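*Asks:* Sequence below, structure please.
(one chain, ligands or ions: 2)
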Amino acid sequence: MAVVTVDPAAPDPAAIAAAASRLRAGELVAFPTETVYGLGAHALDEQAVARIYAAKGRPAWNPVIAHVPSIEAARALARDWPRSAESLARAFWPGPLTLVVPKARSVPDVATAGLDAVAVRIPQHPVALALLRAAGVPVAAPSANRFTQVSPTTAAHVVRSLGDRVPLILDGGPCAVGIESTVVDCTGDDVIILRPGMLGRESLEAVLAPLGIILRHAVRTIAHDTPAQAPHAETPRSPGMADRHYAPRADVWLFDTHQRDEIARSLHQWQQTRREAGQSASPVHALLRGGPLVDRDGALATGTRYVPMPSSPVEYARALYGALHAADDDSVGLVLIEAPPNDAAWDGVRDRLTRAAR
Ligand code: AMP
Ligand code: MG
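*Replies:* Ligands and ions are numbered 1, 2, ... in the order given. This is a model prediction of the structure:
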């Protein structure tokens, strides 16, 4: 496995060309996008896409997003290009928005998990764009991590999660957005948010409402992690919205600010129970927005590391996965997370926190 540093301000054409030719040859290349690092493969090459699933341990029913450098390249993957898709693409691409549209025959079933729709996006990262232009083929790229683990926001995260399973990793620095793209379904009359992200519903509505197009939330995305649990009776609209996802290895307690005292008490109890059971003390990370968690004596519970989290949603999203990776690195026994406010700007972050806590 090779890690090649590429300056986002001026991506080295030779490094980009080498990575692009690997992609065209059917090999895997991990690369930075503005959301998270992607594990890329030639999207029209069945065997190449199969390599993504093998490397990630990703189940075959979970479709991948095809990355392209232009709207024309996106349209080439679509059997039909809805008005909603055209308007959203023009408004927000390149950017953290994925559009699900009817799939063209050229897109292999393995990339869409057999669905009749394909997910497409133009990423905003200069290294990703340079790579896609040089490759000249659409690039399927889910997050560059093992299935159900926390997505990578640095090249070092990719190395730790996939290591020798990926021959080449382009290091373009930390990701600016930090959580995965907003995914919307454009195949019907209404546009449906399948996965919230940092591009929020108000922004989407501002484009869709003047066209008379209604924006809705998916009622309940499919809650299964294994094919054995998958409901075969219906075709899931977005099968990859696995319940437990983006999750660190340790248990996560997600709580609201008004539950601080209660959580401090539960933490003491948790630590005491472990001591009594003769288990070694394992550290606890507390990702908090409102100052450290203190017990009755005003002290931080022993063994608990206070991880201050940003108060703005944009900065919180950027910091979140790094904090969850740090918890994994410290082999913590427990992660405490103080939930952010329940308003639209936090939709994407709240979605990931809820999944991490399941
Ligand atoms: P990621 O792990 O970030 O690549 O997430 C891709 C997610 O986008 C999948 O897990 C699905 O939930 C969603 N997705 C991808 N392709 C489709 C599709 N054809 N139809 C509906 N949802 C899709
Ligand atoms: Mg992922």
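*Asks:* Tell me the residues on this protein that lie near ligand 1, please.
*Replies:* Residues of the chain found near ligand 1 (Cβ under 6 Å from any ligand atom) are 62-65, 100, 112, 115, 117-119, 142-143, 180, 183, 194, 238, 240-241. C-beta here means a position set from N, CA and C on the backbone, and glycine is covered the same way.
*Asks:* Could you pull out the helices in the stretch 101-250 of the chain for me?
*Replies:* Counting by DSSP state H, counting those that start in this stretch, the stretch 101-250 of the chain has helices at residues 109-112, 126-135, 155-162, 201-208.
*Asks:* Just the pLDDT for residue 317.
*Replies:* With respect to pLDDT, residue 317 scores 98.
*Asks:* can you check residue 12 too?
*Replies:* pLDDT, read off for residue 12, is 98.
*Asks:* just the one 10 residues further on next, same as before
*Replies:* Per-residue pLDDT puts residue 22 at 98.
*Asks:* Name the nearest residue to it, sequence neighbours excluded.
*Replies:* Residue nearest to residue 22 in three dimensions, not counting chain neighbours: residue 29, with 5.4 Å by Cβ to Cβ, 6 or more residues apart in numbering.
*Asks:* give me the beta-bridge partners of that neighbour?
*Replies:* Note on residue 29: beta-bridge partners by DSSP bridges are residue 40, residue 168.
*Asks:* Report the contact partners of it.
*Replies:* Contacts for residue 29 (Cβ atoms under 8 Å, 6 or more residues apart in numbering) come out as 19, 22-23, 40-41, 131, 166-170.
*Asks:* before we move on, what about residue 337?
*Replies:* Counting by Cβ under 8 Å, 6+ apart, residue 337 touches 252-255, 286-288, 353, 356-357.
*Asks:* Now flag whichever of the residues you listed is closest to ligand 1.
*Replies:* Ligand 1 has its nearest neighbour among the contacts of residue 337 in residue 356, at 14.5 Å by Cβ to the nearest ligand atom.
*Asks:* Is the closest one in contact with residue 247, as I believe?
*Replies:* Yes: the pair formed by residue 356 and residue 247 meets the contact definition of Cβ atoms under 8 Å, at 4.7 Å.
*Asks:* shared neighbours of these two, anything?
*Replies:* 150, 324.
*Asks:* picking up where we left off before, Serialize the contacts of residue 337 to a markdown table and add fields for neighbour count, pLDDT and secondary structure.
*Replies:* As requested, those are exported to a markdown table (neighbours: other Cβ atoms under 10 Å; pLDDT from 0 to 100; DSSP: H, G, I helix; E, B strand; the rest coil):
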| residue | neighbour count | pLDDT | secondary structure |
| --- | --- | --- | --- |
| 252 | 22 | 96 | strand |
| 253 | 18 | 96 | strand |
| 254 | 18 | 97 | strand |
| 255 | 17 | 96 | strand |
| 286 | 24 | 95 | strand |
| 287 | 23 | 97 | strand |
| 288 | 19 | 95 | strand |
| 353 | 21 | 96 | helix |
| 356 | 21 | 92 | helix |
| 357 | 16 | 91 | coil |
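*Asks:* hang on, isn't residue 142 packed against residue 38?
*Replies:* Yes: using Cβ under 8 Å, residue 142 makes contact with residue 38 at a distance of 6.8 Å.
*Asks:* okay, the two: which has more neighbours?
*Replies:* Shown here are residue 142 and residue 38; by other Cβ atoms under 10 Å, residue 38 has more neighbours (31 against 22).
*Asks:* any idea what sits nearest the more buried one, other than its immediate chain neighbours?
*Replies:* Nearest residue to residue 38, sequence neighbours excluded (Cβ to Cβ, 6+ apart): residue 141, at 3.2 Å.
*Asks:* same deal with residue 307?
*Replies:* Leaving out its chain neighbours, the residue that sits closest to residue 307 by Cβ to Cβ, 6+ apart is residue 287, at 4.8 Å.
*Asks:* Quick check: the one you found vs residue 253, distance?
*Replies:* Distance of residue 287 to residue 253, computed by Cβ to Cβ, to the nearest Å: 10 Å.
*Asks:* which neighbours do these two share?
*Replies:* Contacts common to residue 287 and residue 253, judged by Cβ under 8 Å, 6+ apart, are 335-337.
*Asks:* So which of those residues belong to helices?
*Replies:* Judged by DSSP state H, the subset of those located in helices is empty.
*Asks:* The residues you listed into JSON lines, with extra columns for distance to residue 347 and pLDDT?
*Replies:* Formatted as JSON lines, the shared contacts of residue 287 and residue 253 follow (distance: Cβ to Cβ, whole Å; pLDDT from 0 to 100):
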{"residue": "335", "distance to residue 347": "21", "pLDDT": "96"}
{"residue": "336", "distance to residue 347": "22", "pLDDT": "96"}
{"residue": "337", "distance to residue 347": "16", "pLDDT": "97"}
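*Asks:* Rebuild those residues as a markdown table, extending it with distance to residue 69.
*Replies:* Shown next, in a markdown table, are the shared contacts of residue 287 and residue 253 (distance: Cβ to Cβ, whole Å):
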| residue | distance to residue 69 |
| --- | --- |
| 335 | 38 |
| 336 | 42 |
| 337 | 37 |
